[in-house]
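J.: Whatever this is, show me its structure:
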Amino acid sequence: MAVTHPFVKPTLRSRLAMRWYSWLLLAGSIIYGVSWAMHWDDRGLLWVAELLETPAERLESVWLPDYHAVIDAKLLPGMEKDEASDLTYNPQTKTLFSVMGKNPFLVELTLQGDVLRKMPLNGWNNPEGVTMMENGLMAVVDERQHSLTLIKVDPQTQQLNKADFPSYDLGPSKDQNKAFEAVTWDKRNQQLILGEERPPALFTWKSDGSQTLTGDKQKVADTDLDMRNLSALTIDPRTGHLLALSADSHLLMELDENGEQVSFMTLLGGFNGLKHTIPRAEGVTMDENGTLYMVSEPNLFYRFEKQKQ
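T.: Predicted coordinates for the structure are as follows:
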């Protein structure tokens, strides 16, 4: 019986086989790395789910794939070092309000992203979420202070002092550095919806729209949040569907009243009218006509409109 000598050089066939296996392994690693970096793993199942939606179901939803950027990465002047963190729409004034997280202040914007006024937020440390409630009231979430403050803003407001308004303790989070960041007002159900950044989780807190909250916050069970982090929330006033924004996953997701995924929109360059990927989408809101508005760090403004099919 022939015995292979341990120092005999491998044949050409064996060398090619080894190279083929190595190249396959390398190609697989590259594909996995790219898919992870581009967050294709987050969107693959969502895309399949969208294909199963009927035309009737699409008409009853926001249907994010039909949205197209009409204002793309407009600079908010003088806010390069302030970190735009969230924004909300005021149906009474037909304007937007955005919070800056690094240097705390509230800025009022037109629907075209033009600055109307800036209001310092004295006493806040890291305001990351803001939402419009009723009668000029807004809720502001400070991620670092783990607080929810209900403020009042009118046309004469020039600055806001946290000590002048009621604040509520949001309590500890699993990751204290990735705590409560998102908030939106759910008028239909008379409650605030709060979101923890990582791991993504939703909570509700009952309110009648005033500066008084009822009971304590309650965790929402069985919500299908297939995203790496939760940056912001908003409610579509027409359907009542929840829109959840993820900066890390570069996507905006639509959830129905049961917390089920309905549609999504990727925030990568080349899709939905975007020339470039939104760097870090931190805030989203929607008006009564279904127009979407977003802000991204450091100081970028976006507006999306639904295209007629």
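
J.: List the buried residues in stretch 259-271.
T.: By neighbour count on 16 or more other CB atoms under 10 Å, the buried set for stretch 259-271 is 261, 262, 263, 264, 265, 266, 267, 268. C-beta: built from backbone N, CA, C; applies to glycine.

J.: tell me the centre residue of this structure?
T.: residue 245 (2.0 Å; CA atoms, centre = their mean).

J.: Can you give the distance of the helix or strand hosting it from its chain's centre?
T.: Here residue 245, judged by DSSP states H and E, is contained in strand 242-246. Relative to its chain's centre, strand 242-246 lies at 5 Å (CA atoms, centre = their mean, to the nearest Å).

J.: Can you list the low-confidence ranges for the stretch 1-150 of the chain?
T.: 1-54, 56-58 (pLDDT under 70).

J.: Which residue ranges of it form helices?
T.: 12-37, 40-51, 55-59 (DSSP state H, counting those that start in this stretch).

J.: Adjacent strands (with direction) for the next helix-or-strand element following the strand holding residue 245?
T.: Heading C-terminal from strand 242-246, the first helix or strand you meet, by DSSP H and E, is strand 251-255. With DSSP bridges as the test, strand 251-255 is paired with strand 242-246 (antiparallel), strand 261-266 (antiparallel).

J.: Identify the residue nearest residue 300 in space, chain neighbours excluded?
T.: Nearest-residue entry for residue 300: residue 73, 4.8 Å, with adjacent residues in sequence omitted and distances by CB to CB, 6 or more residues apart in numbering.

J.: quick one, strands of the stretch 101-250 of the chain?
T.: 105-109, 115-122, 127-132, 137-142, 147-152, 160-161, 167-169, 180-186, 191-196, 201-207, 213-219, 232-235, 242-246 (DSSP state E, counting those that start in this stretch).

J.: would you turn those strands into JSON lines with distance to residue 285?
T.: Below are those laid out as JSON lines (distance: least, CB to CB, whole Å):
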{"stretch": "strand 105-109", "distance to residue 285": "11"}
{"stretch": "strand 115-122", "distance to residue 285": "16"}
{"stretch": "strand 127-132", "distance to residue 285": "8"}
{"stretch": "strand 137-142", "distance to residue 285": "12"}
{"stretch": "strand 147-152", "distance to residue 285": "17"}
{"stretch": "strand 160-161", "distance to residue 285": "19"}
{"stretch": "strand 167-169", "distance to residue 285": "22"}
{"stretch": "strand 180-186", "distance to residue 285": "8"}
{"stretch": "strand 191-196", "distance to residue 285": "13"}
{"stretch": "strand 201-207", "distance to residue 285": "17"}
{"stretch": "strand 213-219", "distance to residue 285": "21"}
{"stretch": "strand 232-235", "distance to residue 285": "5"}
{"stretch": "strand 242-246", "distance to residue 285": "9"}
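
J.: For residue 90, find the nearest of the ones you listed.
T.: strand 127-132 (5.1 Å; CB to CB).

J.: From the chain's centroid, how far away is the closest one?
T.: With CA atoms, centre = their mean, you get 12 Å for strand 127-132.

J.: Paired strands for it, with orientation please.
T.: Sheet pairing for strand 127-132, using DSSP bridges, gives strand 137-142 (antiparallel).

J.: Tell me the spatial nearest neighbour of residue 83, not counting adjacent residues.
T.: residue 102 (4.1 Å).

J.: where's the one you found relative to residue 181, distance?
T.: 14 Å (CB to CB, to the nearest Å).

J.: quick one: what helix or strand has residue 259 in it?
T.: Using DSSP H and E, residue 259 sits in no helix or strand.

J.: Does it touch residue 241 like I think?
T.: No - under the criterion of CB atoms under 8 Å, residue 259 makes no contact with residue 241, lying 10.3 Å away.

J.: Common neighbours of the two, please.
T.: With contacts defined as CB atoms under 8 Å, 6 or more residues apart in numbering, no residue is shared by residue 259 and residue 241.

J.: residue contacts, residue 215?
T.: Counting by CB under 8 Å, 6+ apart, residue 215 has contacts 205, 206.

J.: Distance of the residue lying closest to residue 306 once chain neighbours are set aside relative to residue 188?
T.: Leaving out its chain neighbours, the residue that sits closest to residue 306 by CB to CB, 6+ apart is residue 66, at 5.0 Å. Residue 66 sits 23 Å away from residue 188, going by CB to CB.

J.: Equivalent analysis for residue 71, please.
T.: Distance from residue 71 to residue 188, by CB to CB: 29 Å.

J.: Repeat that for residue 154.
T.: Distance from residue 154 to residue 188, by CB to CB: 26 Å.

J.: Equivalent analysis for residue 61, please.
T.: Residue 61 is 16 Å from residue 188, by CB to CB.
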